[in-house]
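>>> Fold the stuff below for me.
(4 chains)
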2 protein chains.
Amino acid sequence: MLTFTEENYLKSIYHLSGEGQKPVLTTQLAEGLDTRPATVTDMLKKLAAKELIVYEKYYGVELTRKGKAEALTVIRKHRLWETFLVEKLGFSWDEVHEVAEQLEHIRSPLLIEKLDIFLGRPKADPHGHPIPDKHGKLPVTAQTPLAAVAVQQQATVRAVRHASSVFLKYLSKIGVYIGASLQVTERNAFDHSVHIVIDGKKKAFLSREASENILVTPG
Amino acid sequence: MLTFTEENYLKSIYHLSGEGQKPVLTTQLAEGLDTRPATVTDMLKKLAAKELIVYEKYYGVELTRKGKAEALTVIRKHRLWETFLVEKLGFSWDEVHEVAEQLEHIRSPLLIEKLDIFLGRPKADPHGHPIPDKHGKLPVTAQTPLAAVAVQQQATVRAVRHASSVFLKYLSKIGVYIGASLQVTERNAFDHSVHIVIDGKKKAFLSREASENILVTPG
DNA sequence: TTAAAAATTTAGAATAATCTAAAAAAAAAT
DNA sequence: ATTTTTTTTTAGATTATTCTAAATTTTTAA
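Sure thing, here's the model as predicted:
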C-alpha cells in the first residue's frame, strides 16, 4: 500500500512526463513537489524498489505500467472530488484544488464507485480535465489552445490548461467559463493578444499567455 | 496544527472518558488505538506539551478545553461524513465507519460548512449519534437503553451504542432501524432477554446485551 | 503489611520522510 | 578539449511514530 507521499510523487511524475511520454528529471520533481533534489533522489530509489518507476541515475525517471495505474487512480479520485465540490457543494472552480489534494488520498474503492454514480459518471472535472474511468482509461479529446484559433472563427471553451487559482478567478471575472462560445474578433500581430466576444455578447481582451491556456474545440 | 495520529488520540480520549468525565488510562488508550502502552506514553507527553491534555504519570489523562474542542471538531467531521455516505451515496450504516475514519481528518473549514448545509444541518448521524455544531455544542437527548424499558411499554429507536459492523448488520436483519417503533412484549427474568414487536408488525428476540445497546425514547 | 501481580514508564532501537553540505557526474561554454 | 557551471547523488543528521525489553510504580491479594 502506498503512502500519501508516494502517491504524490507518482501523480507528479505522470503530469510532468506529459501523460508518460518523456522522462522526468530530479530537479523538475523537486520543484513540482516543493522539496529538495536530495529528497527526491531518496524517494525515487524507494519507488524503483517497489517497481512503480524505472529510475536511471542522472538520466531521469519513468512510470512503469503499475506506477501509471496508481497515478491514474489518484487523478481519477482528485477529479471526481473536484466535480463533487463544485456540482454538489457549490464551491467555485478556483477553490477546489487544495481540498481535492487531500481527498484524493482517501482509500475506498466502494466510495469512489458510489461517488462516480452519484455524480452521473462525469467525463470531465470543473476545469475540463478528463476523468479516467476505473480502469485508467482517459476519454480522448481534440482540443486546441485559443491562441491557435483564426480570427473570426467560432470556438467553444472545453478546458483550462494551468488551473491556478488566480487564472481561474480572472477568467470568471471577464466571463469565460467551460462551455462558453467564443469568437476571436481581432489578433494583435505584435504580441498575439486577442479581442474576443463571449456568447455573442460580452467583449474581452486576452494576452497571448491567457489564450494559450484556454482549450477550445471549433464551432 | 495536529497530525492525524494526534487527532485520533484526542478523539479516543474523548470517547473513553465518557465525554470528558473520568480520566483515561494508558492501557485503555493502547487497547482503543490498537497500539502499545509505551507508544501511548510517548504520545501523551507530546500532547501534554501542546496543552491538549493534562497528563499525570501513572494516574491518567484528561482533555483540556483546547483538546476537547479539537476532539469535537474531529467527531463533528466524522459524523457529517457518515451522514453524507448514507444519505447521499447510498452506503448502509454498517459500511461507513472505516471511510469516515479517513474523511474526518480532511482539513477545510469551508468544506465542513458547505457539507453541513448540503446535508440540511443534520442533528444526528446514521447511528443516531449527535453531531456537534461548529462551536462544539452537542444537542442534549434523554435516551435510555431498551433494556430499561418496562414490558408492554412503547418506545422509539433513537440510536445504537456500539456501532460495530456485525451488530448493525444483525439489527438490519431483524428489522430494527433508527426511528422504528418498538414494544417490549416479554422479558425473561433469568437472562433479561426480550421479545419485541417492531412497528406493530414484525416480532423479534433480543439478548440482554443487544437491548443494552439500543437507545430509545418513550412513546 | 508485605509479597506478588498488573500497569506504566524509561531506555534504546527501527522506519519514513525530510534536510544541509560535500562529492560526483553530466552539460555547457570557452 | 579543457574548464566552468549545473545537476544529481551520497553522506550524515533530524523529527515523528512506533516497537521490544527492562525498570519502576501502583494495585491487589495473601
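>>> Go ahead and report the secondary structure state at the closest residue to residue A:174 other than its chain neighbours.
Using Cβ to Cβ, 6 or more residues apart in numbering or on different chains and skipping residues adjacent in sequence, the residue nearest residue A:174 is residue A:204, 4.5 Å away. Any C-beta I mention is one placed from the backbone N, CA and C, and that applies to glycine too. Three-state assignment for residue A:204 (DSSP: H, G, I helix; E, B strand; the rest coil): strand.
>>> tell me the domain boundaries of chain A?
Per the record, chain A has its domains at A:4-63, A:144-218, by automatic domain parsing.
>>> which residues of chain A fall in helices?
A:4-16, A:26-32, A:37-49, A:65-87, A:97-103, A:109-118, A:165-174, A:208-212 (DSSP state H).
>>> okay but the residue nearest to residue A:174 is in contact with residue A:196, surely?
Yes. Between residue A:204 and residue A:196 there is a contact under Cβ atoms under 8 Å: 5.4 Å.
>>> And these two? Which one has more around it.
residue A:196 (24 against 17; other Cβ atoms under 10 Å in any protein chain shown).
>>> isn't the more buried one right next to residue A:180, touching?
No. At 9.5 Å, residue A:196 does not count as touching residue A:180 under the criterion of Cβ under 8 Å.
>>> Relative to residue A:21, how far out is residue A:124?
From residue A:124 over to residue A:21 the distance is 21 Å, taken as Cβ to Cβ, to the nearest Å.
>>> And residue A:41, by the same measure?
23 Å.
>>> okay, those two: which has more neighbours?
A direct count of neighbours by other Cβ under 10 Å for residue A:41 and residue A:21 places residue A:41 higher, at 14 against 7.
>>> Give me the pLDDT for residue A:92.
In this model, residue A:92 is scored at 97, pLDDT.
>>> next one: the one 3 residues further on
On pLDDT, residue A:95 comes in at 97.
>>> does it really touch residue B:110, like I thought?
Yes. If you go by Cβ under 8 Å, residue A:95 and residue B:110 touch, sitting 7.2 Å apart.
>>> DNA strand C contacts on chain A?
A:3, A:5-6, A:35-36, A:38-39, A:42-43, A:46, A:58 (Cβ under 7 Å from any atom of the strand).
>>> Tell me the buried residues within those.
Among the residues of chain A next to DNA strand C, those classed as buried by 16 or more other Cβ atoms under 10 Å in any protein chain shown are A:6, A:35, A:43.
>>> how about the residue nearest the centre of chain A, what does it touch?
Nearest to the geometric centre of chain A sits residue A:129, at 5.4 Å (Cα atoms, centre = their mean). By Cβ atoms under 8 Å, 6 or more residues apart in numbering or on different chains, the contact set of residue A:129 is A:79, A:159, A:163.
>>> Now do the residue nearest to the second one when sequence neighbours are not counted: how many residues are near it, please.
Yep, that's residue A:159 we're talking about. Excluding the flanking residues, the one nearest residue A:159 by Cβ to Cβ, 6+ apart is residue A:128, at 2.6 Å. Neighbour count for residue A:128, taken as other Cβ under 10 Å: 22.
>>> isn't residue A:128 right up against residue A:216?
No. If you go by Cβ under 8 Å, residue A:128 and residue A:216 don't touch, sitting 9.9 Å apart.
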